[in-house]
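Visitor: the following block contains a protein sequence and its predicted model.
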Amino acid sequence: MIRNLLLTFGLILTTGLLLQAQQGALQGKVIDKDTKEPIPFANIILDNNGTQVGGTTSDFDGNYSIKPIPPGKYDLKATYVGYKTVISQGIPIAADKIRFHDILMTSTSETLEEFEVLEYSVPLISKDETATGASITSEEIAKMPNRNANAVATTVGGVFSQDGERGSVRGARGDATAMFIDGIRVIGNSSVPQSAIEQVDVVLSGVPAQYGDVTSGIINVTTKGPSRTFGAGIELESSEFLDDFGSNRLGFNLMGPLIKGKKKNGTSVLGFFIAGDVNFHKDGRPSAIGHHYAKDDVLQNLEQNPLRPVGPGQSGTYVNGEFLRMDDLQHVNTSKNTSNYNANIIGNINIRTTETINLTMVVAIIQVIAMILVMEEVC
C-alpha cells in the first residue's frame, strides 16, 4: 500500500488603490421645531465611528447638502447659536442614492451643555428611489445565517438562490451580473470576509448610467473603514458537537487610527481596518444519505488477496472486490479525504487628505485554499 499526500495551495494577492467608490448623498432642511421657520447658516457635521466624513452649513433657506458619502451608517450633528445641539444617530447612506433628512432644532435663551440625541427612523417612502432593488446593512447581515455577499444578495426578490448561493439575477446568465467591491468591478473571485461587509446594495433595474451597459443587475459590496478609536471583534462558529461534518469558522476584525489629528478628540488622519475569515471543513462534500466503505478486515483481505481463480479447467481470474456484499460494508455519514482549509483576509488604509476628501487603499485581498487528500493504492 502506497500512501500519497496531495497538497493544493492557491494564493491570490490583489493590490489596488481606490480613489472614488460608489457614493451617496445626504440632503435636508434645518428647521425651528416650534415656529417651523428655516434656520440659515447652521453648522452640520457627518460622523462615522468618531471620524468626520463631511460637513457643511445650511443656506439662507435652511437647506443643506453633503456629498459624496461612502455607503454606511452615520451620525449627523447640527449646531447653531441659541439652539440646542441635535445629533441624529444611525442614518443609513446607500450607494448612488440621496437620503433626505430634516433637522428640527429647539431654541433656548441660555447656553446649555446638554444636547438632544434622536434615533433616525427610516421613512416609509424614499424620494430618491429611482432604481429597484434593496440595500442590506451590516446590522441586518449579522442576523442572517449565511452572510457572504452573494448569499446576502439572494434575500432580494429577483435574485435566484441555488443551494444557498447566488444563481441568476432576473433570469439572466451569470456573467450578465456585475459585481463591485468598494467601487471596483470584480471579475472572478469575489469573496469578501463576512466581518468586513458594511453594506450590500442590489440594483435590479433602473441601473445608473455610471455602471454602463448591464443587462442583468448590480451587486455592490461596501467594506468597513477605520475609526477614531481602536476596536476589535471575533466570532466563532462550529458544528463539531452537532453533526459529523465538522464545519468551523473563525471571523475577526481590527480597526483603529495610525495617526490622529492635533485637535482634542480629533479625527483619524491615517487609519486602518483589517478583517478575515478562517474556515476548516472536516467533510468537504457532505451527503444527506452518507457513504458506504469496506470494513477494515474486509479491506485488509482484499489487499492481501485481490484476485481469485476462475475455476477448474478454466484460465483467468476474478476481482474479489466484485463479490462484496452489504454485510462487508459499513455506513458512515462523512466522506473521507475531503477535509480542507481556507482563509480570506482583506485590509485597507484610509488617508484623510482634506476635510472633504478621503483616499482608501485596499492593501490586500488574500485567499488561501488548502486541501489535503490522502489516496490509497492497492498493490
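Guide: That came through fine. Numbering: from 1, shown residues only.

Visitor: okay, CA-based contacts and neighbour counts for the rest of this
Guide: Will do.

Visitor: beta partners of the nearest residue to Glu37 once chain neighbours are set aside?
Guide: Leaving aside its chain neighbours, Glu37 sits nearest to Ile31 (5.6 Å; criterion: C-alpha to C-alpha, 6 or more residues apart in numbering). According to DSSP bridges, the partner residues bridging Ile31 are Pro38, Leu104.

Visitor: mean confidence for the one helix or strand Glu140 maps to?
Guide: Assigned by DSSP states H and E, Glu140 belongs to helix 138-141. Taken as a whole, helix 138-141 carries a mean pLDDT of 82.

Visitor: on that earlier part again, distance of the residue nearest to Glu37 from Ser107?
Guide: Ile31 sits 11 Å away from Ser107 when distances are taken as C-alpha to C-alpha, to the nearest Å.

Visitor: so which of the two has more stuff around it?
Guide: Neighbours of Ile31 and Ser107, each counted by other C-alpha atoms under 10 Å, are more numerous for Ile31; the result is 21 against 16.

Visitor: Gly62 is in contact with the more buried one, correct?
Guide: Yes - in this structure, Ile31 sits in contact with Gly62. The criterion is C-alpha atoms under 8 Å, and the distance is 6.8 Å.

Visitor: any common contacting residues for those two?
Guide: Pro38, Ile39 (C-alpha atoms under 8 Å, 6 or more residues apart in numbering).

Visitor: which positions in stretch 277-286 come out as buried?
Guide: When neighbours are counted by 16 or more other C-alpha atoms under 10 Å, the buried residues of stretch 277-286 are found to be Asp277, Val278, Asn279, Phe280, His281, Lys282, Asp283, Gly284, Pro286.

Visitor: report the contact partners of the fifth one.
Guide: Under the criterion of C-alpha under 8 Å, 6+ apart, the contact partners of His281 comprise Phe245, Gly246, Ser247, Asn248, Ser339, Asn340, Tyr341.

Visitor: am I right that the fourth one is in contact with Ser238?
Guide: Yes - the pair formed by Asn248 and Ser238 meets the contact definition of C-alpha under 8 Å, at 4.4 Å.

Visitor: for Asn348, name its beta-bridge partners.
Guide: Here Asn348, judged by DSSP bridges, has bridge partners Phe273, Val362.
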